[in-house]
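> no sequence on this one, just coordinates:
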């Protein structure tokens, strides 16, 4: 594997680690975050790989907090384009990776960390869940674990979606329990095939927050339980439109027909004004919406629609070329066509990004959509709250599936896009 590198290069900054310990001690007490962890895992002092389900921003910090030997997490390189985040994350020695793209350099880096006595960690779902259920895990993860050949610790966060959902801007007061398990030591790994390792991992990480909540009945002590849920939900089951919702406190309201859905203290969805819902939780609502919108886009493809399918006004357009920091290009109207994304700037200049040239397209927090081409990265940020990047992701994935580009699909949409086809 080449020349052994300096131990200092891969050590987490001790000062930052101490500050994190102090902060997280009070943070976990304040928000009732507890751990089901054995002394064997808590005090592990050899290299290991930690694999966890992925819910929100705080995941790597709270997961690391209960283990003496901090692991180095693999993280999307997009966060490194923010100078402030980059300053801190570089001192935590995170391992950057291009999102939704295979990266052989990351594997080599993981091996170097292990060789130098360090522990590593990653989220095998490759993205955070929008609905609280475990997402698709690629079968290749078993080969990576086999290659690293170190003890495997799995982590299942229960209640984390209630506390820190991906779509919310802030945390809510809701109890969290983190379950740690030594899935396999080196001796056990030697007896397992990569396929068997993958099966064990998927079983350990399988989780549905909606199912968990049926028994746990965790209360969400917040008066903002629905705020920014409109990042995820944009289909109204009452008027059957895709215009989206306005969100305020515990209620989302359809922009077209004023239909209202409330979120109660147990995260259950209810229709107001004696109306009915075809679902009662976010996981089912998202699945219901995704299937209907998928069929809608397929119909546009069958009809060979040449017009814009949907648009968003007042979007700030940022561009990064060859991994440079993002630069603001201006404000624009963003429109989705079956073959391109059109950017019409307020000064009337125009740019088209062909869907065939896009490698990845991902919805992010705070009205943000990010996409990658071979040499450019774009970030679209809405000035108004409640822009659903997921609408753009579903539409793009459906087009890719129908134009022999299914290999570019977001992994967690593959099952959704294969049902209810027209």
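Good, I have the coordinates. None of these values were measured; they are calculated from a predicted model.
> Phi, psi for residue 201 please.
Dihedral pair for residue 201: phi -60, psi -50, per degrees, to the nearest 10.
> ok, now which ones touch it?
Contacts for residue 201 (Cβ atoms under 8 Å, 6 or more residues apart in numbering) come out as 51, 124, 137, 141, 142, 145, 152, 154, 183. To be clear about C-beta, it is placed using only N, CA and C from the backbone, and glycine gets the same treatment.
> Let's have those residues in CSV, adding secondary structure.
Listed next are the contacts of residue 201 as CSV, based on DSSP: H, G, I helix; E, B strand; the rest coil:
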residue, secondary structure
51, strand
124, coil
137, coil
141, helix
142, helix
145, helix
152, strand
154, strand
183, strand
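> Out of the residues you listed, which is nearest to residue 309?
Within those, distances to residue 309 taken as Cβ to Cβ reach their minimum at residue 137, with 31.2 Å.
> In three-state terms, label the nearest residue to residue 60 once chain neighbours are set aside for me.
Closest residue to residue 60 apart from its sequence neighbours, by Cβ to Cβ, 6 or more residues apart in numbering: residue 73 at 4.5 Å. Three-state assignment for residue 73 (three-state DSSP): strand.
> What distance do you get for residue 73 to residue 113?
Distance, residue 73 to residue 113, using Cβ to Cβ, to the nearest Å: 11 Å.
> what residues are shared contacts of those two?
Counting by Cβ under 8 Å, 6+ apart, the residues touching both residue 73 and residue 113 are 95, 120.
> what residues does whichever helix in the chain runs longest touch?
The longest helix of the chain (DSSP state H) is helix 282-302. The contact list for helix 282-302 (Cβ under 8 Å, 6+ apart) reads 130-133, 208-210, 229, 232-235, 237, 242, 267, 269, 277-279, 309, 338, 391, 394-395, 398-399, 402, 413, 416-417, 419-422.
> from what I can see residue 332 touches residue 348, true?
No. Using Cβ atoms under 8 Å, residue 332 is not in contact with residue 348; the gap is 10.0 Å.
> quick one: which of these two has more around it?
Higher neighbour count among residue 332 and residue 348: residue 332, with 22 against 6, using other Cβ atoms under 10 Å.
> need the contact list for the closest residue in space to the more buried one that isn't next to it in sequence.
Take residue 332 and drop its neighbours on the chain: the residue closest to it by Cβ to Cβ, 6+ apart is residue 345, 4.4 Å away. Residue 345 sits next to 317, 329, 330, 331, 332, 351 when contact means Cβ under 8 Å, 6+ apart.
> Please pick the buried ones from these.
For those, a burial check counting by 16 or more other Cβ atoms under 10 Å picks out 317, 332.
> Need the contacts of residue 345 in TSV (columns: pLDDT).
Shown next, in TSV, are the contacts of residue 345 (pLDDT from 0 to 100):
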residue	pLDDT
317	96
329	96
330	96
331	96
332	97
351	96
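> Any of the contacts of helix 282-302 buried? List them.
Judged by 16+ other Cβ under 10 Å, buried ones among the contacts of helix 282-302: 130-133, 208-210, 229, 232-235, 237, 242, 267, 269, 277, 279, 309, 338, 391, 394-395, 398-399, 402, 413, 416-417.
> I'd like to know which of the contacts of helix 282-302 are part of strands.
Under the assignment DSSP state E, these contribute residue 269 to strands.
> residue ranges of the helices in the stretch 251-400 of the chain, please?
Using DSSP state H, counting those that start in this stretch, the helices found in the stretch 251-400 of the chain span residues 282-302, 389-401.
> Tell me which of those helices approaches residue 248 most closely.
That would be helix 282-302 among the helices of the stretch 251-400 of the chain, by Cβ to Cβ, at 17.2 Å.
> Could I get the buried residue list for the closest one?
Neighbour counts over helix 282-302 (16+ other Cβ under 10 Å) mark 282-291, 293-294, 296-298, 300-301 as buried.
> just the strands in the stretch 101-250 of the chain please.
For the stretch 101-250 of the chain, the strands defined by DSSP state E, counting those that start in this stretch cover 119-122, 152-158, 176-184, 245-248.
> Could you list the buried residues of the third one?
With burial defined by 16+ other Cβ under 10 Å, the residues of strand 176-184 counted as buried are 176, 177, 178, 180, 181, 183, 184.
> Same list (these) but as TSV, adding pLDDT.
Listed next are the buried residues of strand 176-184 as TSV, based on pLDDT from 0 to 100:
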residue	pLDDT
176	97
177	97
178	97
180	98
181	98
183	97
184	97
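> count of residues packed around residue 29?
For residue 29, the tally of surrounding residues (other Cβ under 10 Å) stands at 10.
> same question, residue 325
11.
> so it touches residue 84, yeah?
No. Here residue 325 lies out of contact with residue 84, judged by Cβ under 8 Å, at a distance of 11.6 Å.
> follow-up on the earlier one: to residue 196, which of the strands of the stretch 101-250 of the chain lies closest?
strand 176-184 (9.6 Å).
> what angle do the closest one and strand 152-158 make?
Angle, strand 176-184 to strand 152-158, by axes from the mean of the first three to the mean of the last three Cα atoms, to 10 degrees: 160 degrees.
> residue contacts, the residue most central in space within the chain?
For the chain, the residue nearest the mean C-alpha position is residue 128 (2.1 Å; Cα atoms, centre = their mean). The neighbours of residue 128, taking Cβ under 8 Å, 6+ apart as the test, are 54, 55, 56, 59, 166.
> Most neighbours out of the residues you listed, which is it?
Neighbour counts for those, by other Cβ under 10 Å, peak at residue 55, which reaches 27 neighbours.
> What score does it have for pLDDT?
Looking at residue 55, its pLDDT is 91.
> From residue 181, how far off is it?
The spacing between residue 55 and residue 181, counted by Cβ to Cβ, is 18 Å.
> Next: residue 298.
41 Å.
> so where's the chain shaky on pLDDT?
1-10, 78-82, 85, 88, 98-103, 366, 414-422 (pLDDT under 70).
> 80 instead, please
1-14, 16, 76-94, 96-103, 323, 365-367, 385, 411-422 (pLDDT under 80).
> And the protein, what are its domain boundaries?
Domain segmentation of the chain under automatic domain parsing yields 7-216, 229-280, 293-418.
> All set, thanks.
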